[in-house]
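A.B. asks: Here is a sequence together with a model predicted from it:
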Amino acid sequence: MLENYFPILILAVVAVVLALAFLVLSIVLGPFRPNKTKLNPYESGMDPVGEARDRYSISFYLVAMEFIVFDLEVVFIYPWAVRYLELGFGTFMAMTAFIVILFVGLLYTLKKGTLDWDLNHFKS
């Protein structure tokens with residue numbers, strides 16, 4: 001039975017060996033010409049301002065959580081939408097309640113100003 005997995009093992013070994021070989025070749029053969037500009041930290045095309053230990057606004061984390069919630073919403077809604085007609089009225093009501101709860105959460109975050117990216121909002 002394990003002999004069926006032997007080609008997969010060979011493929012994994014070949015992939016790891018090739019990856020390491022290309023990594024070593026790029027280090028050995030590639031140019032290494034550091035200068036002040038290349039050694040500066042790069043962040044979204046802008047020069048970094050302030051210390052790395054500065055506190056971030058909670059809005060950044062709330063927006064990330066909203067993204068995760070609505071991403072998971074799609075994961076739940078898409079399969080339901082594909083089999084909508086086969087699942088019946090009970091499933092329709094459950095999904096309606098699910099969507100309403102998420103919509104109320106979105107209204108709450110909008111009311112709290114989470115998605116308001118005005119710079120004066122962050123300074124206060």
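C.D. replies: On my side now, so go ahead.

A.B. asks: Mind checking the pLDDT average for stretch 49-62?
C.D. replies: For stretch 49-62, mean pLDDT rounds to 73.

A.B. asks: measure that stretch end to end?
C.D. replies: 23 Å (Cα to Cα, to the nearest Å).

A.B. asks: How far does that stretch sit from its chain's centre?
C.D. replies: Its chain's C-alpha centre and that of stretch 49-62 lie 18 Å apart, by Cα atoms, centre = their mean, to the nearest Å.

A.B. asks: for it, which positions count as buried?
C.D. replies: S59 (16 or more other Cβ atoms under 10 Å). For every residue, glycine as well, the C-beta is placed using N, CA and C.

A.B. asks: and R53, that one's in a helix?
C.D. replies: No. With DSSP: H, G, I helix; E, B strand; the rest coil as the criterion, R53 is located in coil rather than a helix.

A.B. asks: Give me the contacts around the helix or strand I99 falls within.
C.D. replies: Following DSSP states H and E, the helix or strand that holds I99 is helix 89-112. With Cβ atoms under 8 Å, 6 or more residues apart in numbering as the contact definition, helix 89-112 has outside contacts at 62, 66, 69-70, 73, 76-77, 80, 84, 115.

A.B. asks: With just CA atoms, put it into CSV.
C.D. replies: Output in CSV follows, covering the C-alpha atoms of helix 89-112 (Å, rounded to 0.1, in the frame of the first residue of the first chain):
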residue,chain,number,x,y,z
PHE,A,89,-37.4,26.9,3.6
GLY,A,90,-35.7,26.1,6.9
THR,A,91,-32.3,26.6,5.4
PHE,A,92,-33.5,29.8,3.7
MET,A,93,-34.6,31.2,7.1
ALA,A,94,-31.3,30.2,8.7
MET,A,95,-29.3,32.0,6.0
THR,A,96,-31.6,35.0,6.2
ALA,A,97,-30.9,35.2,10.0
PHE,A,98,-27.2,34.8,9.3
ILE,A,99,-27.2,37.6,6.7
VAL,A,100,-29.3,39.9,9.0
ILE,A,101,-26.9,39.4,11.9
LEU,A,102,-23.9,40.2,9.7
PHE,A,103,-25.7,43.3,8.3
VAL,A,104,-26.5,44.5,11.8
GLY,A,105,-22.8,44.1,12.7
LEU,A,106,-21.8,46.1,9.6
LEU,A,107,-24.3,48.9,10.5
TYR,A,108,-22.8,48.9,14.0
THR,A,109,-19.2,49.3,12.8
LEU,A,110,-20.3,52.0,10.3
LYS,A,111,-22.0,53.8,13.2
LYS,A,112,-18.8,53.5,15.3
